[in-house]
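Asks: the following block contains a protein sequence and its predicted model.
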Amino acid sequence: FKNKRDLLSLDNALNNTEHTDESLITINTIEDAIYIGYKNDISFIINSELNLYEHQSSVNPNMPVRGLIYFAELYKGYIEQNNLLIYNERLVKLPFPRYVVFYNGTEGEPEEQELRLSDSFVQVPEGEARTGIVVEEANKPSVEVTVQLLNINYGCNQELMEKCQKLMEYSKFIALVRVKSDMLTEKYKKKMKSVNKKEIFAEAVALAIDEAIRDNVLKDILSKNMAEVTDMLLTEFDEKAYIDGVKKQSYEEGEARGEARGEARGKIKGEEKLARLVVELKKRGRVEDIAKVTDESERERLYREFNI
């Protein structure tokens, strides 16, 4: 959805509109936003709405926090570009914000859910005295960000899919990749042939692309950008595999120490550090170093290099 035609189609589907003029869209994506991490987000303005669309294969409860930072940067840019005087007594008009995340991971998630920034805030303890302020008012935040999380796995949100052909085709393609991967895994298992998961996934992607093109599913994109799509899917596979591997290693190390609470805290902290490291490596184009994070000494070296 990087081109305006497809983006307009998706926006129409989400808002039940029928816009046809692509010039209504002004794309203002922050390309180097390190808090997003992957180049799978797009922000744009249309009809006085500031939209942030993001695609993720996992649900992260901190999405609203990232959205807060991202929207702050977007509004800062909007104010500067339009020479708005925020210290003037006249009310400044800003585009209405909307944050939508399209989820297509393998975990079972509802078709639609909301994530709120206020869920991250520490609440006023019940019974704590506050002169002249009731607990309900004390716990009402002054800042809020709401994320609309939509499950776009094949078979979910059918009404939305029917309104946006490109989204439907993307959903079908990802489902096809998974079917091919499962099929190949079973095939090699029966033959008792040792093939690693990445090789199986790469073969599944190639088979899925060929079949999708034959069936006119994302044909225009896959025909022109086959190598780019393959690289994107394999890179995502690598990053997930390495992070999962380090998570497992961290868990086993903590379990060996037999410190249940320390293990839990260490595991969470380790995952956060690892995620930050992968983001930094990805941002700098150092994909080859992502493969080194499973080695403890290399991982620690990279942590020191990026002061993480």
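Replies: Yes, it's here.

Asks: burial measure for the nearest residue to residue 47 once chain neighbours are set aside, as a count.
Replies: Computed as Cβ to Cβ, 6 or more residues apart in numbering, the closest residue to residue 47 that is not its neighbour in sequence is residue 24, at 6.5 Å. No exception for glycine: its C-beta is placed from N, CA and C like everyone else's. Close neighbours of residue 24, defined as other Cβ atoms under 10 Å, add up to 14.

Asks: does residue 24 touch residue 11 like I think?
Replies: No: Residue 24 is not in contact with residue 11 according to Cβ atoms under 8 Å; the separation is 9.2 Å.

Asks: between these two, which contacts overlap?
Replies: Jointly contacting residue 24 and residue 11 under the rule Cβ atoms under 8 Å, 6 or more residues apart in numbering are residue 46.

Asks: are we agreed that residue 150 is in a strand?
Replies: Yes: under DSSP: H, G, I helix; E, B strand; the rest coil, residue 150 falls within a strand.

Asks: can you check the pLDDT for it?
Replies: At residue 150, the model reports a pLDDT of 97.

Asks: distance of it from residue 278?
Replies: Counting by Cβ to Cβ, to the nearest Å, the gap from residue 150 to residue 278 is 25 Å.

Asks: what do you get for residue 117?
Replies: Per Cβ to Cβ, residue 117 is found 24 Å from residue 278.

Asks: show me which of those two is the more surrounded one.
Replies: Using other Cβ under 10 Å as the criterion, residue 117 and residue 278 rank with residue 278 on top: 22 against 19.

Asks: is it true that that one touches residue 293?
Replies: Yes: assessed by Cβ under 8 Å, residue 278 is found in contact with residue 293 at 7.1 Å.

Asks: just the C-alpha atoms of stretch 154-173, please, in CSV.
Replies: Provided in CSV are the C-alpha atoms of stretch 154-173 (Å, rounded to 0.1, in the frame of the first residue of the first chain):
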residue,chain,number,x,y,z
TYR,A,154,-7.5,-15.1,5.6
GLY,A,155,-11.1,-15.6,6.7
CYS,A,156,-11.1,-12.7,9.1
ASN,A,157,-12.9,-9.3,8.6
GLN,A,158,-14.6,-10.5,5.4
GLU,A,159,-16.6,-7.3,5.0
LEU,A,160,-13.4,-5.2,5.0
MET,A,161,-11.7,-7.7,2.6
GLU,A,162,-14.6,-7.5,0.1
LYS,A,163,-14.2,-3.7,0.0
CYS,A,164,-10.5,-3.8,-0.6
GLN,A,165,-9.3,-6.3,-3.3
LYS,A,166,-5.6,-5.7,-2.6
LEU,A,167,-6.0,-6.4,1.1
MET,A,168,-7.9,-9.6,0.3
GLU,A,169,-5.2,-10.7,-2.1
TYR,A,170,-2.4,-10.1,0.4
SER,A,171,-4.3,-12.1,3.0
LYS,A,172,-4.7,-15.0,0.5
PHE,A,173,-1.0,-14.8,-0.4
